[in-house]
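1. pasting the structure only:
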């Protein structure tokens with residue numbers, strides 16, 4: 001086996017709708033007619049002891065991947081229709097490589113500093129409101 005699939009390339013495919021009986025060997029045999037398969041990743045659900053119902057497969061050539069999509073999207077494997085697409089990169093990019101908890105704002109909020117600041121502002125606001133109320137009465 002080679003490296004993990006490069007999801008930005010047109011060679012990596014997402015294969016969804018897999019029957020629980022499908023194995024990595026079955027996938028390799030089903031997609032081998034379209035060209036040499038470099039890598040197969042079948043994510044596992046360790047709580048249930050089976051795969052999650054989808055896999056990622058990478059071909060050596062982008063044209064082989066295109067041919068596999070054309071022929072296998074909608075095809076049946078173990079009685080279930082497959083969904084075969086070009087794999088997409090993870091879209092949960094928040095624009096930062098820093099951990100959320102490494103920011104000062106998050107730390108202040110979860111360490112109680114922000115709450116203390118709000119209480120102080122409420123006290124100031126309450127004093128101002130009572131002063132305004134006294135002026136209205138006079």
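-> It's in. Bear in mind the structure is a predicted one, so any value in this text is a computation, not a measurement.
2. in which helix or strand does the closest residue to residue 59 other than its chain neighbours reside?
-> Using CB to CB, 6 or more residues apart in numbering and skipping the chain neighbours, the partner closest in space to residue 59 is residue 65 (4.4 Å). C-betas here are computed from N, CA, C, even on glycine. Here residue 65, judged by DSSP states H and E, is contained in helix 62-72.
3. contacts for that helix?
-> For helix 62-72, the external contacting residues (CB atoms under 8 Å, 6 or more residues apart in numbering) are 9-13, 15, 30-31, 34-36, 57-59, 82, 84-86.
4. could you check how far residue 38 is from residue 49?
-> Look at residue 38 and residue 49: by CB to CB, to the nearest Å, they are 27 Å apart.
5. the more surrounded of these two?
-> Neighbours around residue 38 and residue 49, counted as other CB atoms under 10 Å, are more numerous at residue 38. The numbers are 18 against 8.
6. quick check: which element contains the more buried one?
-> strand 37-41.
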